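# output the structure for:
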Amino acid sequence: DELERQWRRKEAEKAKTDAEAAASLRVAREAQVAIKQQYVELQLQQDKSEFMRVLAAQRDAQAAEQAKTAEEAARRRKHETALRSQIKQKEHAHIEERKAYFEEGAKLDQEAHARRARLDEIKARKLAELQSLGLDEKYLGPVKRLVAAGSP
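Residues are numbered from 1 along each chain as shown. Below you'll find the predicted structure:
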């Protein structure tokens, strides 16, 4: 009987030791799982932070690129407007020059016509004076032809 009690006591101690070891292993395993879970959560948080940082940098770069593109487009439009204005001014100046050129030509024609008319008037008056002096017709013939021919 004593032997059996010792055996049962040893078995009980062994079972207790095994149970303690199993409990200790279970606690260690739970701690290990908890640590692993914390590590995974920390890694996820870091990954999320990195993703958000990269996303913000990309958005900033995209916004800067859009601003640069818009600024360049505005600069090109301004340059185009300036060129068109300059072309329009030059066309206007050319038109004005041509107009002045033709006006000058018309003025010169008018002045030449007025000179011819004045000369014709003077010739006619001189012929009338010569006729009133009673000159012979043979002397007046060439003068009459000049008056009748008008100015060249």
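# same for the helix or strand hosting residue 56, what does it pack against?
In this structure, residue 56 sits in helix 2-132 according to DSSP states H and E. Under the contact definition 3 or more C-beta pairs under 8 Å, 6 or more residues apart in numbering; DSSP states H and E, helix 2-132 sits against helix 137-149. Every C-beta, even on glycine, is put in place using the N, C-alpha and C of the backbone.
# on contacts alone, who are the packing partners of the helix it packs on?
helix 2-132.
# hmm, back to that, and the helix holding residue 56, what's its mean pLDDT?
Taken as a whole, helix 2-132 has a mean pLDDT of 95.
# and the angle from it to helix 137-149?
Angle, helix 2-132 to helix 137-149, by axes from the mean of the first three to the mean of the last three C-alpha atoms, to 10 degrees: 160 degrees.
# run a quick neighbour tally on residue 26.
Residue 26: 10 surrounding residues under other C-beta atoms under 10 Å.
# where does residue 135 sit: helix, strand or coil?
Of the three states, residue 135 takes coil under DSSP: H, G, I helix; E, B strand; the rest coil.
# can you read off the pLDDT for it?
With respect to pLDDT, residue 135 scores 83.
# please renumber so the chain begins at 13
That works, and once the first residue is 13, the last one we named lands at residue 147.
# how much space separates it from residue 153?
10 Å (C-beta to C-beta, to the nearest Å).
# okay, the two: which has more neighbours?
Neighbours per residue, other C-beta under 10 Å: of residue 147 and residue 153, the larger number sits with residue 147, 13 against 10.
# how far away is that one from residue 132?
20 Å.
# next: residue 101.
Taken as C-beta to C-beta, the span from residue 101 to residue 132 is 46 Å.
# if you count surrounding residues, which of these two has more?
Taking other C-beta under 10 Å, residue 101 and residue 132 do not tie; residue 132 has more neighbours (15 against 10).
# so that one touches residue 161, yeah?
No: using C-beta atoms under 8 Å as the test, residue 132 is too far from residue 161 to be in contact (9.9 Å).
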